[in-house]
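Undergrad: based on what follows, work out the 3D shape:
(one chain, ligands or ions: 1)
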Amino acid sequence: MTKKMWSGRFEEASSSLLEEFNGSLPFDKKLYREDIAGSIAHATMLREVGILSADDVEKIIVALKQVEQEIDNGEFEFKISDEDIHMAIESRITEIIGDAGKKLHTARSRNDQVALDFRLYVLRNNRKIINLLIKLQQTLIDMAKNNIDTLLPGMTHLQHAQPINFAYHILAYVSMFKRDIERFESSIERNNISPIGCAALAGTPHRIDRNITASLLDFKSPSINCLDTVSDRDFALEILFNISTLFVHISRFAEELIIWSSYEFKFVTFSDAYSTGSSIMPQKKNPDVAELLRGKSGRVFGNMISLLTVMKGLPLAYNKDMQEDKEGVFDSVETAIISLKILEKAIATLKVNRENMAKACKTGHLTATDLADYLVKICNVPFREAHHITGRAVAEADKLNIDLSEMGYKKLQEIDDRIGSDVDEVLSLKNSMNSRKSFGGTSQEQTIKQIEFFELWLSGLEIK
Ligand code: ARG
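TA: Okay, here's the model as predicted:
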């Protein structure tokens, strides 16, 4: 029978099935660095306020650092009978230093301890995700800068709509990922408060100083209400939501890359290093990376729903249900990290097939709206009528098997004699794109402004 730290009132040993079901050690061992940093701060505070002697605290800290080394080096023996990472570390330091180790848990509970460790993990990984997003943004902006001149069919309903430039299309994703970065940042800002010292739920009669632990751990301040703090997992829900929204964006981008890399489009070519082959069809080069990026949104969304469901309806304060908070967060964080890394690499090595994009612009009458606008602006035709005339021009172009942009003013005059020779300029694909000069539009002038805007914003961000 292994003796549990909490076994004072128990007469029988735990069943091994209970240990397996109840324990979190197999997954919360990931939190060992946070747990040790938290314990060092807690012990230091206990010394500062005179609750523990300098001698004991010295021993505790040395032992905690030794345990960290042991775990780092894979020498630590994880025993499920210890239940979780908190007790595994505490029992090991007690093994090393004896009685001093038993004093570390003064004025704290595993409830504030796990709230601290998990929060530190989430804050650290918010930062890591931001850093990877910054790198991705730089790569996307570089791609945009190289493609201000690249015409692309802009689509709605996946049907040709109006000509845009490829830089502008890429900047739409830069704009989405900017919001993502801001969401991760604001989550750090909001959740940068220290739970340690809340103890089980109600604070502690020991004369601790929560400001000391908060500042040792780089928190803005200690949390204000302990009852809330020990059962607050909003920070975890936020990272799950923020990663989910990030994956809405990643999966949309991935979907476009998949379509663009198909034989029908051939707008882009993935480098061999980020493509896969088929075990049966020798000719295949598959966009597995993009497909997985699209597919991984499933697990990420699932993790969010899962924690929302765990947390809903829980009475205050800590309940063991909350041990179910970690695996989904670990999974989403790890998924986000590897996904952002590979997306950046796939983009940095992507070949943009400009000629194919330009060729695609010559189908689907992308400049039809320009003809209608021309009839309104130059010929004073009411918009509804202009729309109708343009529709007839499009039908005629289809009959002739040419694109409206190449029809020429003479044929157009046969449809409506108010049309002048100046219409050819208006219907050219490039002029059409460049005519959309309204703020935030696709013209090269506006696209360059957007690039400058995003670059300036990015230059103010630090990789920390
Ligand atoms: N392993 C637990 C968890 O992850 C730690 C907190 C346990 N607290 C308790 N009172 N049983 O949630």
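
Undergrad: show me which residues of the stretch 1-150 of the chain sit near the ligand.
TA: Ser24, Asp28, Asp84, Arg110, Asn111, Val114 (C-beta under 6 Å from any ligand atom). C-beta here means a position set from N, CA and C on the backbone, and glycine is covered the same way.

Undergrad: with pLDDT, secondary structure and neighbour count as added columns, please give those residues in JSON lines.
TA: Listed next are those as JSON lines, based on pLDDT from 0 to 100; DSSP: H, G, I helix; E, B strand; the rest coil; neighbours: other C-beta atoms under 10 Å:
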{"residue": "Ser24", "pLDDT": "98", "secondary structure": "coil", "neighbour count": "20"}
{"residue": "Asp28", "pLDDT": "98", "secondary structure": "helix", "neighbour count": "25"}
{"residue": "Asp84", "pLDDT": "98", "secondary structure": "coil", "neighbour count": "24"}
{"residue": "Arg110", "pLDDT": "98", "secondary structure": "helix", "neighbour count": "21"}
{"residue": "Asn111", "pLDDT": "98", "secondary structure": "helix", "neighbour count": "20"}
{"residue": "Val114", "pLDDT": "98", "secondary structure": "helix", "neighbour count": "26"}
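
Undergrad: all the strands of the chain, in order from the start?
TA: Using DSSP state E, the strands of the chain run over 151-156, 159-165, 193-194, 221-222, 268-269, 351-352.

Undergrad: tell me the most buried of those?
TA: strand 193-194 (a mean of 22; mean count of other C-beta atoms under 10 Å).

Undergrad: sheet partners, orientation included, of it?
TA: strand 221-222 (parallel) (DSSP bridges).

Undergrad: what does the strand it pairs with contact?
TA: Ile193, Ser194, Ile196, Gly197, Arg210, Asn211, Thr213, Ala214 (C-beta atoms under 8 Å, 6 or more residues apart in numbering).

Undergrad: tell me which of the strands of the chain sits nearest to the ligand.
TA: The closest approach between the ligand and any of these, judged by C-beta to the nearest ligand atom, belongs to strand 193-194 at 17.0 Å.

Undergrad: can you show me the helices along the stretch 251-400 of the chain?
TA: 288-295, 297-311, 326-348, 354-361, 368-377, 383-400 (DSSP state H, counting those that start in this stretch).

Undergrad: for those, give me TSV that also has mean neighbour count, mean pLDDT and distance to Lys411.
TA: TSV is the format used below for those (neighbours: other C-beta atoms under 10 Å; pLDDT from 0 to 100; distance: least, C-beta to C-beta, whole Å):
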stretch	mean neighbour count	mean pLDDT	distance to Lys411
helix 288-295	19	98	42
helix 297-311	18	98	48
helix 326-348	19	98	42
helix 354-361	17	98	20
helix 368-377	21	96	12
helix 383-400	15	96	7
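
Undergrad: distance to Gln450 added to these, as CSV?
TA: Formatted as CSV, these follow (distance: least, C-beta to C-beta, whole Å):
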stretch, distance to Gln450
helix 288-295, 24
helix 297-311, 27
helix 326-348, 18
helix 354-361, 19
helix 368-377, 21
helix 383-400, 28
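
Undergrad: nearest to Lys79, out of these?
TA: For the helices of the stretch 251-400 of the chain, proximity to Lys79 was assessed by C-beta to C-beta; helix 326-348 is nearest, at 18.9 Å.

Undergrad: tilt between the closest one and helix 297-311?
TA: 160 degrees (axes from the mean of the first three to the mean of the last three C-alpha atoms, to 10 degrees).

Undergrad: circling back: would you mind giving the strands of the chain as JSON lines with distance to Ala317 added?
TA: As requested, the strands of the chain are arranged in JSON lines below (distance: least, C-beta to C-beta, whole Å):
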{"stretch": "strand 151-156", "distance to Ala317": "50"}
{"stretch": "strand 159-165", "distance to Ala317": "53"}
{"stretch": "strand 193-194", "distance to Ala317": "16"}
{"stretch": "strand 221-222", "distance to Ala317": "16"}
{"stretch": "strand 268-269", "distance to Ala317": "52"}
{"stretch": "strand 351-352", "distance to Ala317": "55"}
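
Undergrad: among these, which comes closest to Phe76?
TA: Comparing those by C-beta to C-beta, strand 193-194 comes nearest, at 26.6 Å.

Undergrad: averaged pLDDT, the closest one. What do you get?
TA: Average pLDDT, strand 193-194: 98.

Undergrad: any idea how far it is from the chain center?
TA: Distance, stretch centre to chain centre, for strand 193-194: 23 Å (C-alpha atoms, centre = their mean, to the nearest Å).

Undergrad: gap between Thr204 and Thr106?
TA: Separation of Thr204 from Thr106 (C-beta to C-beta, to the nearest Å): 9 Å.

Undergrad: leaving out sequence neighbours, find the closest residue to whatever residue of the stretch 351-464 of the chain ends up closest to the ligand.
TA: Residue nearest to the ligand within the stretch 351-464 of the chain: Lys464 (27.8 Å; C-beta to the nearest ligand atom). Sequence neighbours aside, Arg127 is the residue nearest to Lys464 in space, at 6.0 Å (criterion: C-beta to C-beta, 6 or more residues apart in numbering).

Undergrad: circling back: Ser459: which of the strands of the chain is closest?
TA: Closest to Ser459 of the strands of the chain is strand 159-165 (C-beta to C-beta; 23.3 Å).

Undergrad: pretty sure Leu340 sits against Leu132.
TA: Yes. Look at Leu340 against Leu132 with C-beta atoms under 8 Å: they come within range, at 3.9 Å.

Undergrad: give me the neighbour count for Tyr274.
TA: The number of residues packed around Tyr274, counting by other C-beta atoms under 10 Å, is 18.

Undergrad: which residues are in contact with it?
TA: Contacts of Tyr274 (C-beta under 8 Å, 6+ apart): Val289, Ile342, Lys345, Ala346, Thr349.

Undergrad: any idea what sits nearest the third one, other than its immediate chain neighbours?
TA: The spatial neighbour of Lys345 that comes closest, neighbours along the chain excluded (C-beta to C-beta, 6+ apart), is Tyr274 at 6.2 Å.

Undergrad: just Asn125 next, same as before
TA: Spatially, and ignoring its direct neighbours in sequence, Asn125 is nearest to Val333 (4.6 Å; C-beta to C-beta, 6+ apart).

Undergrad: separation between that neighbour and Glu182?
TA: 19 Å.

Undergrad: re the thing from before, just the buried members of the contacts of strand 221-222?
TA: Ile193, Ser194, Ile196, Gly197, Arg210, Thr213, Ala214 (16 or more other C-beta atoms under 10 Å).

Undergrad: quick one: the first one and Leu120, what's the gap?
TA: Here Ile193 is placed at a distance of 12 Å from Leu120 (C-beta to C-beta).

Undergrad: circling back: Throw the buried ones among the contacts of strand 221-222 into JSON lines and include distance to the ligand, thanks.
TA: JSON lines is the format used below for the buried ones among the contacts of strand 221-222 (distance: C-beta to the nearest ligand atom, whole Å):
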{"residue": "Ile193", "distance to the ligand": "19"}
{"residue": "Ser194", "distance to the ligand": "17"}
{"residue": "Ile196", "distance to the ligand": "13"}
{"residue": "Gly197", "distance to the ligand": "16"}
{"residue": "Arg210", "distance to the ligand": "19"}
{"residue": "Thr213", "distance to the ligand": "18"}
{"residue": "Ala214", "distance to the ligand": "20"}
